[in-house]
Structures are given as structure tokens and as C-alpha cells.
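Asks: Give me the fold of what follows.
(one chain, ligands or ions: 1)
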Amino acid sequence: YTIRHSAVWTTIAIYTVLLSASSTWSIVLYPTFFSPLRDIPKPSGGSIFMGHFFKIMREPAGEPQRQWVQEVPNDGIIRYQFAFNDERVLLTSPKALAEVLVTKNYEFIKPKRLREGIGQILGIGILLAEGDEHKRQRKNLMPAFSFRHVKDLYPVFWSKSREVTEAMTKAIQEPSTDEKPNSVLEISTWASRVTLDIIGVAGMGQDFNAVQDPNNELYQTYRNIFSQSGSARVLGMLGFILPLWFLRALPVKRNQEVMEASKVIKRTAYDMIQAKKQKLEKAERTDVDILSVALESGGFTDEDLVNQLMTFLAAGHETTASSLTWAVYLLCRHPDVQRRLREEIRSGLPSISDPAAQVSSTDIDRLPYLNAVCNEVLRVFSPVGLTLRAAANDSTILGHFIPKDTTIIISPWAVNVSKELWGDDALEFNPERWLGPGRANTGGADSNYSFLTFLHGPRSCIGQGFAKAEFACLVAAWAGRFEMQLEKEDYVLEIGGGITSKPKGGLNVRLTAIEGW
Ligand code: HEM
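Replies: Alright, predicted model coming up:
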């Protein structure tokens, strides 16, 4: 039997019937009646075919999850649906998080599409490695992040903080133009410039000079690639639905930009490796930066090293830049906190204008309010809103069966402000919670899984100590020198960003340099 006596029509008809049947099964029947996850509490709303996809598309990464953690009664896991009702399991309780991040860490791996997607820019290094390969890389790189080593980096953090503060002071003294009064600076770009320089000097022994030169190629490349453009977001989301080879073949500008960026970043990494190798061959004093440690471990080929450097360049600067931007935003919104912080900094640290002055880890650790403010910024606005895992095999979480390939969502942003974990004032910016006996490291929360900014366990942020030290120095320099006010009093925050969150459209802040420090 054939349709219209044509093999072609018959094939099309059979294909259409099969496709409809399989779509009905996977989009409607399976998630509604058969999925072993269907009994897990889920948020209301969502469309019949696309689940909560449109809400997720509309809002910044981590925002819907932030609402669901507060609103959906649950025992540690929530289920929601992505495009075509593809199921997601969101972890909310310390027990569930401990299971996925620590006890069964290598059973819940980074999803393949994430690896293939961001790997072009982040490199296939430690961030995306799995299992024994990840363990080996982490062991080889750890010495560069030991406290003993990070302690020695404070002079780099402080002198770059001084350089950027001086450059900003100069910028606000330049003549005004019609469009922009001189005293207003867009903070997130300054934050990215200085953190890129810091990872260059402290991580690889190379100053990219982005603080002095905003046209620096590497800085511009990252700026472009991390930009919050609509097409970037749409392509990113489509990556979860359509095959990557198809998306990459689309003739859209974004694909070209990503390829160009990948080339520039790879070339920069490669040049740095060659320069460092020559230095080592000449038996010059060996450095303890990340690159030297990786080279000396002998555990990486040149190609591996390029990938590791790409990882550290990206993971190590946009995250801290995001935190610094949020710190300025929150200090503007809380002038009392800003004043109190400035007083502590000015009485406890040498002036940022003094080129001979240095600060040590002890000097910074002696300032409880600075540490409280930094921790509270990192809690309220975790730069990484959410991250993903996939079940490598059939598994369980909190005794609940989780089929192979289920996507698991960990949202530091949501967990960090969960009322269940932090109390009714969880959403408020209140550095006070980090002050008082036993609170400096906990913020008063019962479990350390309540603070997920750097995650926990074998895949937690390897650069946590580095980032916190760098962040504290930068906040101290800016809050010590400048009085900061939002350019527009009626500014309404809109959160944007891709992998890391930032105020949409940048953050314009009026700076007044305060004499006497
Ligand atoms: C405030 C600043 C930072 C934040 C909030 C942050 C956050 C994170 C998070 C959430 C992860 C885990 C991602 C995942 O597994 O899904 C991570 C991993 C990582 N971070 Fe950071 N990070 C920061 C700064 C840095 C810095 C300064 C460096 C390097 C100097 C760095 C290097 C890395 C690396 C290499 C990994 C992968 C670790 C592994 O998989 O073993 N990060 N970071």
C-alpha cells in the first residue's frame, strides 16, 4: 500500500506519524504520566509543550530558581520543565547539595553540551574535565592556589588596586562632555579591566595592561564575547535544544565572533606559554604563578596548557569583576554601610595613594567589617547564578530515583538567599550577619551548604582564596578612596549577563574622590 502511489509521499507520511508519536510520548505522556520524577514538587505555571522555558528565557540566569526555592514547598529537590518539557531537578537542601557535590561528585558530571558550548572560550581544561582526569589536573594545579602562595600575591592585588584607583581618579578629573559628566564612570568595565590584569600578572606573570589601555585586544575580545546581547542569549538557549553542529553552521554574526574570540584567546595563551618556557630554559628564577606551576608539574602537553590558561583567564576574571560591580551597587544602595566601611579601611590600611605602601593578608583579615561586606556581597549576588550537572548513570538523590542523563540544576544564587536556610531577612543585604562570635565564616547559617558562591567539594572553585583576597583589596581601594552614588537616584536594577550576572546595560556611578587617605 502506498499513498498517492508514491514512495516519497508514503515515506513522508510514515515519518510524520512516527515523529508525532515520539513527540507526544516525550513531550506530553512521559513527563506527565510515566517519568520517575513526576512526583517531585514543581512550580506552577508553564506551558503545555514548553514547560517553564519562556520564563527562564525572559529572566536572568538563576532568577526563576530563586523564586521557586522560596515559593515551592519541597523536601530538598524541585522539578521543573525546560523546552519541550525536558525535566530539570533543582537542588535546594544542604543534604541534596552534599550528595551531588561531594558524596557522588563524579556521578553527576558537566553536561556534554555545556562542555562543547563554552569549551570554545573557556578551553577544555580543569573546569570541564571529569573523573580521574579531573583529579589529576586538580592535584597538579593545587599548589598555585595554596594559602601559602595566595598570601604572597597580596602585593600584586594591592598594586593593581592602586593603579586602577589612580586611573579612575584621573578619569573623573577629566573635562565633562555633554553626554556624560566627568564624575560618572561605568563601573563594570573598570572592574573587568582590573581583574583581567590581575589574573594576567598573578596567574601567568604577564600584565595585559587593560587598566591603562581599554582598547587592549584581549580585554575587548572578552568584553565582546561576554556581552549580554540578545542573540548570544538566544543561541545559548537554543544550544540546549538543537544540535551544536547545526547552531555553529548558522550564518549569524555571533558564531563568527565566537570563532574570532577563540582564536585571539588561544593565541594569547600560546604566546604566554612560549615566553614562560624560554624563561624556564634560561633557568631564571621560577615563579609560583599558575602557569609556572602547571609547566613544572610536567603533567600537561602544550595543548593542555593552552586549554588551562583559557580556563583561568575566563573563570578568573569575569567572576570577580561581577562581584566588584555588585559590591559598588550594594554600597551605593546602602550609604551607611559604605560610610562605616570607609572609616574602617581608612583607619586600618595604608593609603591607596602611597606607592611605597603594601598590605598583607594579616592587614586585610584584621578588618572585620570589610570581610563582612565582601561575604555579604558574594552571598546576595553570587556571580555564577546557576550551574548544571547531568546524571552519568541511573542514580539517586535523597533516595529519589534519578534516571541517567537527567539534568541537575545547582543555583548558588537561589540557595544563598533561601529563607529556609537564612531566615526571613535572607534577601536583605546585611553585613551584620557576618559579625559576632563564630559568624565570620558562616554568616550565622547552620550549614556551609547555605553559601554556595564557590560551590563545595572536589569541584568547588579552585580560585576561591585567590578571588576573595583580590576582591577584598579592590573593595578596600575603591570604598576607601571614593564616595559612590548611583548616577540616577531613581535607577531601577535590571539583572543581565550570561554565565556571570551583572547589571544590565552597565552600572553608572558618580564618584567623588575623598582627600586625606
Ligand atoms: C568571585 C569570584 C569567583 C566566583 C564566584 C567563582 C565561582 C566558581 C564556581 C561556582 C565554580 C564551579 C563551577 C561548576 O563546577 O559548575 C568555579 C570553578 C572554578 N573556578 Fe572560580 N570563581 C571565582 C573566581 C575564580 C578565580 C579568581 C579563579 C582563578 C584564579 C577561578 C578558577 C576556577 C576554576 C579553575 C574552576 C574549576 C574548578 C574545578 O572544576 O575543579 N575562579 N568557580
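Asks: Please name the nearest non-neighbouring residue to the residue in the stretch 51-200 of the chain that the ligand sits nearest to.
Replies: Using CB to the nearest ligand atom, the closest approach of the stretch 51-200 of the chain to the ligand is made by Leu127 at 4.0 Å. All C-beta atoms are positioned from the backbone trio N, CA, C, and that covers glycine. Excluding its sequence neighbours, the residue lying closest to Leu127 (CB to CB, 6 or more residues apart in numbering) is Thr311, at 4.9 Å.
Asks: one step back: state the three-state secondary structure for the residue of the stretch 51-200 of the chain closest to the ligand.
Replies: Classification of Leu127 using DSSP: H, G, I helix; E, B strand; the rest coil returns coil.
Asks: Any stretches of this structure with poor pLDDT?
Replies: Residue ranges of the chain with pLDDT under 70: 177-181, 228-231, 233, 237, 240, 284-286, 288, 497.
Asks: Please enumerate the strands of it.
Replies: With DSSP state E, the ranges of strands along the chain come out as 77-81, 87-91, 108-109, 184-186, 387-391, 395-397, 400-402, 407-410, 482-486, 495-497, 501-503, 508-513.
Asks: mind putting these in JSON lines, distance to Phe34 and mean neighbour count included?
Replies: Supplementary listing: those in JSON lines, determined by distance: least, CB to CB, whole Å; neighbours: other CB atoms under 10 Å:
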{"stretch": "strand 77-81", "distance to Phe34": "14", "mean neighbour count": "23"}
{"stretch": "strand 87-91", "distance to Phe34": "11", "mean neighbour count": "24"}
{"stretch": "strand 108-109", "distance to Phe34": "23", "mean neighbour count": "24"}
{"stretch": "strand 184-186", "distance to Phe34": "51", "mean neighbour count": "19"}
{"stretch": "strand 387-391", "distance to Phe34": "17", "mean neighbour count": "19"}
{"stretch": "strand 395-397", "distance to Phe34": "18", "mean neighbour count": "18"}
{"stretch": "strand 400-402", "distance to Phe34": "13", "mean neighbour count": "17"}
{"stretch": "strand 407-410", "distance to Phe34": "18", "mean neighbour count": "22"}
{"stretch": "strand 482-486", "distance to Phe34": "52", "mean neighbour count": "19"}
{"stretch": "strand 495-497", "distance to Phe34": "37", "mean neighbour count": "19"}
{"stretch": "strand 501-503", "distance to Phe34": "36", "mean neighbour count": "25"}
{"stretch": "strand 508-513", "distance to Phe34": "52", "mean neighbour count": "18"}
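Asks: possible to save those strands as JSON lines with distance to Val150?
Replies: Shown next, in JSON lines, are the strands of the chain (distance: least, CB to CB, whole Å):
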{"stretch": "strand 77-81", "distance to Val150": "35"}
{"stretch": "strand 87-91", "distance to Val150": "29"}
{"stretch": "strand 108-109", "distance to Val150": "28"}
{"stretch": "strand 184-186", "distance to Val150": "29"}
{"stretch": "strand 387-391", "distance to Val150": "23"}
{"stretch": "strand 395-397", "distance to Val150": "34"}
{"stretch": "strand 400-402", "distance to Val150": "37"}
{"stretch": "strand 407-410", "distance to Val150": "25"}
{"stretch": "strand 482-486", "distance to Val150": "26"}
{"stretch": "strand 495-497", "distance to Val150": "27"}
{"stretch": "strand 501-503", "distance to Val150": "25"}
{"stretch": "strand 508-513", "distance to Val150": "29"}
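Asks: I'd like the distance between the closest residue to the ligand within the chain and Glu87.
Replies: Among all residues of the chain, Gly463 sits closest to the ligand, at 2.3 Å; criterion: CB to the nearest ligand atom. According to CB to CB, to the nearest Å, Gly463 stands 32 Å off from Glu87.
Asks: With Tyr80 instead?
Replies: Here Tyr80 is placed at a distance of 8 Å from Glu87 (CB to CB).
Asks: I'd say the residue of the stretch 51-200 of the chain closest to the ligand and Phe312 touch.
Replies: No. Using CB atoms under 8 Å, Leu127 makes no contact with Phe312, being 9.0 Å away.
Asks: neighbour-wise, which of those two wins?
Replies: Phe312 (29 against 24; other CB atoms under 10 Å).
Asks: which of the residues in the helix ranked longest in the chain are buried?
Replies: Longest helix of the chain, by residue count under DSSP state H: helix 253-281. Of the residues in helix 253-281, 254, 257-258, 261-262, 264-266, 268-269, 272-273, 276, 279 count as buried by neighbour count, 16 or more other CB atoms under 10 Å.
Asks: can you list the residues of the stretch 51-200 of the chain near the ligand?
Replies: Ile126, Leu127, Arg138, Ile199 (CB under 6 Å from any ligand atom).
Asks: which residues touch the first one?
Replies: Spelled out, it's Ile126. By CB atoms under 8 Å, 6 or more residues apart in numbering, Ile126 lies in contact with His134, Gln137, Arg138, Leu141, Gln308, Thr311, Ile462.
Asks: how far away is it from Gln220?
Replies: 26 Å.
Asks: correct me, but the residue nearest to Leu127 touches Gly119?
Replies: No. With contact defined as CB under 8 Å, Thr311 does not reach Gly119; the gap is 9.5 Å.
Asks: Overlap in contacts, these two.
Replies: Joint contacts of Thr311 and Gly119 (CB under 8 Å, 6+ apart) are Leu128.
Asks: So those two - more neighbours on which side?
Replies: Per other CB under 10 Å, whichever of Thr311 and Gly119 has more neighbours is Thr311, with 26 against 18.
Asks: Got the phi and psi for the residue of the stretch 51-200 of the chain closest to the ligand?
Replies: The phi/psi pair for Leu127 (degrees, to the nearest 10) reads phi -60, psi -30.
Asks: Ser23 versus that one, what's the distance?
Replies: 35 Å.
Asks: got it, and Ala167?
Replies: 56 Å.
Asks: Count the neighbours of Leu18 for me.
Replies: Neighbours of Leu18 under the rule other CB under 10 Å: 10.
Asks: Surely Asp405 and Asn393 touch.
Replies: No. Asp405 is beyond contact range of Asn393, at 9.1 Å (criterion: CB under 8 Å).
Asks: tell me the centre residue of the protein?
Replies: Val384 (3.3 Å; CA atoms, centre = their mean).
Asks: what's the closest non-adjacent residue to that one?
Replies: Residue nearest to Val384 in three dimensions, not counting chain neighbours: Pro412, with 5.8 Å by CB to CB, 6+ apart.
Asks: Just list the residues touching the one you found, thanks.
Replies: Contacts of Pro412 (CB under 8 Å, 6+ apart): Gly62, Ser382, Val384, Gly385, Leu386, Thr387, Leu452, Thr453, Leu455.
Asks: same thing but at 7 Å, please
Replies: The neighbours of Pro412, taking CB atoms under 7 Å, 6 or more residues apart in numbering as the test, are Ser382, Val384, Leu452, Thr453.
Asks: what about it, distance to Pro383?
Replies: 9 Å.
Asks: cool, Trp68 as well?
Replies: 20 Å.
Asks: One more: Glu63?
Replies: 14 Å.
Asks: ok, now Asp213?
Replies: Here the criterion is CB to CB. By it, Asp213 lies 25 Å from Pro383.
Asks: what's the burial count for Ile364?
Replies: Neighbours of Ile364 (other CB under 10 Å): 23.
Asks: I'd say it and Ala472 touch.
Replies: Yes. Between Ile364 and Ala472 there is a contact under CB atoms under 7 Å: 5.0 Å.
Asks: Residues that sit against both of those two, list them.
Replies: By CB under 7 Å, 6+ apart, the residues touching both Ile364 and Ala472 are Leu370.
Asks: Tell me the gap between stretch 244-252 and the middle of its chain.
Replies: Between the centre of stretch 244-252 and the centre of its host chain there is 25 Å, according to CA atoms, centre = their mean, to the nearest Å.
Asks: Kindly report the residues of the stretch 351-500 of the chain close to the ligand.
Replies: Taking CB under 6 Å from any ligand atom as the contact definition, the stretch 351-500 of the chain meets the ligand at 383-384, 387, 412, 453-455, 459, 461-463, 466-467, 471.
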